[in-house]
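# Quick one, structure for this:
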Amino acid sequence: MPEKPKIEDVTPPEEANPLLDSARKVLMAAIGAVALAQDEIEAFINRLIERGEIAEKDGKKLFNDVMARRKKETDKAEDEVTKRMETILDKMKIPSKADIDTLSEKITTLTKKVDELKKS
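Just a heads-up that it's a prediction; the model follows:
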């Protein structure tokens, strides 16, 4: 079976936003649940192989099929969460990273123009 992904412990700064802290806790719990589910699926398939109910080749294929389906569902859920978070942030009038990047570019352009005007 494939190797399990390594999850690094990222400790949030002490002055973190309570909303982000709560979201982090929920996401970490979800990651734990996914890892546990993957372990249970792998153990179940291994038991089927040991009992001779399915061939090892079929077990690997079944595991890969289940993981591919889970990834597809996870990606769909992630997209939905992203959309909802963007909606919430928009309602709260919190600028997105794209908004901040656009403003930064405009500031850089204006700063260059001001410097050019100072020189002339």
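# For the helix or strand hosting R70, the averaged confidence score.
Element membership for R70, per DSSP states H and E: helix 56-91. Averaging pLDDT along helix 56-91 gives 87.
# cool, and stretch 34-49?
87.
# List the buried residues of it.
Within stretch 34-49, the residues scored as buried using 16 or more other Cβ atoms under 10 Å are 38, 41-42, 45, 48-49. All C-beta atoms are positioned from the backbone trio N, CA, C, and that covers glycine.
# one step back: not counting whichever helix or strand comes after the helix holding R70 itself, show me its contacts.
Downstream of helix 56-91, the next assigned helix or strand under DSSP H and E is helix 97-119. Contacts to helix 97-119, defined as Cβ atoms under 8 Å, 6 or more residues apart in numbering, come from residues P95.
# Now do helix 97-119, average pLDDT.
Across helix 97-119, pLDDT averages out at 94.
# Compute the distance from the centre of that helix to the centre of its chain.
Counting by Cα atoms, centre = their mean, to the nearest Å, helix 97-119 is centred 32 Å from the centre of its parent chain.
# With stretch 46-54 instead?
Worked out by Cα atoms, centre = their mean, stretch 46-54 lies 33 Å from the chain centre.
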